[in-house]
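> Sequence and predicted structure are below.
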Amino acid sequence: QQQVKQSPQSLIVQKGGISIINCAYENTAFDYFPWYQQFPGKGPALLIAIRPDVSEKKEGRFTISFNKSAKQFSLHIMDSQPGDSATYFCAALTEGRQLTFGSGTQLTVLP
Amino acid sequence: NAGVTQTPKFQVLKTGQSMTLQCAQDMNHNSMYWYRQDPGMGLRLIYYSASEGTTDKGEVPNGYNVSRLNKREFSLRLESAAPSQTSVYFCASSEALRTQYFGPGTRLLVL
């Protein structure tokens, strides 16, 4: 049972463009929503995270938008760069339980 | 400060063979995790250890065993490898159940 659904599976964006990755969840008990970035041959690394009491969090070119009523959240990468090419995973967590990951989005930013 | 280290980096096994994947962290974290990553499936939790001396099953524990050797080390054992266990295995650690730090992964091929 996939509790966190992620789309698209792959995304190609031109340099300078906006990359948008979407996730939807089912369990309303989730209270922490991180995004992980993974480069080829490396382990995932925490990129940015949000709690459901805020609707948006921005760190540099990366922004999480959160819609609690729709049970959806998304990652926006502004001014996308070739160095952003990686696989991105959304995830969700409830206190005392474990992270549930989305299926991943492979982002390619063309120079 | 190496973070999370995993050995080996790559392994080829024949069906029925056994092996142990090693993981160590030097961040003094209490919690450690083992995940497997398969194409289109994201990361799935195999086992975790919330603290030294405790281990619990995750989403996909069948065919695996774990040992929390001490606070630093958490090993994953395949007693009788099967082709379905061909995957990339990641170890992670965290101080709280939120930000997890991942190792570089072990790529396992079972023939």
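Ah, there it is. Numbers count the residues shown, from 1 in each chain, chains lettered A, B, ... in the order given.

> tell me the contacts of A:F66?
A:F33, A:I50, A:P52, A:V54, A:S55, A:E56, A:K57, A:Q72, A:F73 (C-beta atoms under 8 Å, 6 or more residues apart in numbering or on different chains). Using the backbone N, CA and C atoms, a C-beta is placed for each residue, glycine as well.

> Tell me what it is bridged to.
Taking DSSP bridges as the rule, A:F66 bridges to A:F73.

> Which parts of the chain are strands?
In the absence of a named chain, chain A is used. Assignment of strands within chain A using DSSP state E yields the ranges A:4-7, A:10-14, A:19-25, A:33-38, A:45-50, A:56-59, A:62-67, A:72-77, A:86-92, A:100-101, A:105-110.

> ah, no, chain B please
Counting by DSSP E, the strands of chain B are B:4-7, B:10-13, B:19-25, B:31-38, B:42-49, B:56-57, B:64-68, B:74-78, B:87-94, B:101-102, B:106-110.

> Would you format those strands as TSV with distance to A:T108, mean neighbour count and mean pLDDT included?
Output for the strands of chain B, formatted as TSV (distance: least, C-beta to C-beta, whole Å; neighbours: other C-beta atoms under 10 Å in any protein chain shown; pLDDT from 0 to 100):
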stretch	distance to A:T108	mean neighbour count	mean pLDDT
strand B:4-7	27	18	96
strand B:10-13	25	14	96
strand B:19-25	31	20	97
strand B:31-38	19	24	95
strand B:42-49	19	22	93
strand B:56-57	36	12	93
strand B:64-68	33	18	96
strand B:74-78	32	20	97
strand B:87-94	20	23	96
strand B:101-102	22	20	94
strand B:106-110	22	18	97
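
> Adding neighbour count and pLDDT, write the contacts of A:F66 out as JSON lines.
Putting those into JSON lines (neighbours: other C-beta atoms under 10 Å in any protein chain shown; pLDDT from 0 to 100) gives the following:
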{"residue": "A:F33", "neighbour count": "22", "pLDDT": "93"}
{"residue": "A:I50", "neighbour count": "19", "pLDDT": "93"}
{"residue": "A:P52", "neighbour count": "16", "pLDDT": "87"}
{"residue": "A:V54", "neighbour count": "10", "pLDDT": "91"}
{"residue": "A:S55", "neighbour count": "12", "pLDDT": "93"}
{"residue": "A:E56", "neighbour count": "11", "pLDDT": "95"}
{"residue": "A:K57", "neighbour count": "16", "pLDDT": "95"}
{"residue": "A:Q72", "neighbour count": "14", "pLDDT": "96"}
{"residue": "A:F73", "neighbour count": "26", "pLDDT": "97"}
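
> quick one: which of those residues is nearest chain B?
A:F33 (10.6 Å; C-beta to the nearest C-beta).

> so what's that closest one up against?
Per C-beta under 8 Å, 6+ apart, neighbours of A:F33: A:23, A:25, A:49-52, A:64, A:66, A:73, A:90-93.

> just to revisit the earlier point, need the strands of chain B in a markdown table (columns: distance to chain A).
Output for the strands of chain B, formatted as a markdown table (distance: least, C-beta to the nearest C-beta, whole Å):
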| stretch | distance to chain A |
| --- | --- |
| strand B:4-7 | 7 |
| strand B:10-13 | 11 |
| strand B:19-25 | 11 |
| strand B:31-38 | 8 |
| strand B:42-49 | 4 |
| strand B:56-57 | 9 |
| strand B:64-68 | 14 |
| strand B:74-78 | 15 |
| strand B:87-94 | 5 |
| strand B:101-102 | 3 |
| strand B:106-110 | 9 |
